[in-house]
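>>> got a structure for you, letters missing:
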């Protein structure tokens with residue numbers, strides 16, 4: 001064999017040894033556990049790139065929206081713990097709603113029913129998300145926001161707006 005082929009074979013054998021050693025040390029297991037949501041997120045982003053570069057049809061926007069939202073959601077749960085999924089599960093519906101809504105925007109066959117249906121799914125998802133978060137500290141945040149909004153309305157009630165006294169629309 002020539003020295004060029006010996007060099008290639010040596011690099012291949014050394015790389016195989018490194019892969020085996022890293023595997024035995026658990027490096028790939030850690031990377032697999034930490035980065036697996038990217039296996040879902042990256043294809044979703046790639047589908048967006050393919051569509052917006054005019055290489056594929058608008059049909060790709062449905063799985064692109066679903067994969068992107070699911071990849072982000074699973075990444076959040078992978079980082080901060082899967083107990084979050086007990087509250088964030090309605091976001092799974094938002095992925096479907098996003099994909100369908102984007103498809104309805106960019107398809108040449110404009111379907112108002114598809115846009116309305118995806119908006120209904122998205123709204124349902126947001127309502128379920130709020131109800132899901134009511135059992136957490138979100139209730140304290142909601143209460144504080146309502147108190148602040150009430151105080152803002154009370155304090156601004158007698159102030160004039162645009163030269164006229166504001167009477168709340170009455």
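Perfect, I can see it now. What you see is a predicted model, and the numbers here were worked out from it, not measured in a lab.
>>> Quick one: the strands in the chain, in order.
160-161, 164-165 (DSSP state E).
>>> Just confirm residue 37 contacts residue 71, I think it does.
Yes. The criterion here is CB atoms under 8 Å, and residue 37 meets it with residue 71 at 5.2 Å. C-beta: built from backbone N, CA, C; applies to glycine.
>>> Of these two, which one has the most company?
Higher neighbour count among residue 37 and residue 71: residue 71, with 21 against 18, using other CB atoms under 10 Å.
>>> who touches the residue lying closest to that one once chain neighbours are set aside in this structure?
Closest residue in space to residue 71, ignoring its immediate chain neighbours: residue 41 at 2.7 Å, by CB to CB, 6 or more residues apart in numbering. Applying CB atoms under 8 Å, 6 or more residues apart in numbering, we find residue 41 in contact with 67, 68, 70, 71, 72, 75.
>>> which residues of this protein fall in helices?
Under the criterion DSSP state H, helices of the chain are mapped to 3-25, 27-35, 38-52, 61-80, 85-88, 91-106, 112-133, 138-156.
>>> Dump those into JSON lines; add mean pLDDT as well.
Formatted as JSON lines, those follow (pLDDT from 0 to 100):
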{"stretch": "helix 3-25", "mean pLDDT": "83"}
{"stretch": "helix 27-35", "mean pLDDT": "71"}
{"stretch": "helix 38-52", "mean pLDDT": "91"}
{"stretch": "helix 61-80", "mean pLDDT": "92"}
{"stretch": "helix 85-88", "mean pLDDT": "88"}
{"stretch": "helix 91-106", "mean pLDDT": "92"}
{"stretch": "helix 112-133", "mean pLDDT": "88"}
{"stretch": "helix 138-156", "mean pLDDT": "86"}
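>>> Excluding covalently adjacent residues, which one is nearest to residue 99?
Using CB to CB, 6+ apart, the closest residue to residue 99 is residue 65 (3.0 Å).
>>> Check what pLDDT residue 160 gets.
With respect to pLDDT, residue 160 has a value of 57.
>>> How about the one 10 residues further on?
Reading off the per-residue confidence, residue 170 sits at a pLDDT of 54.
>>> Quick check: the residue nearest to the spatial centre of the chain vs residue 15, distance?
Of all residues in the chain, the one closest to the mean position by CA atoms, centre = their mean is residue 69, 3.1 Å from it. From residue 69 over to residue 15 the distance is 37 Å, taken as CB to CB, to the nearest Å.
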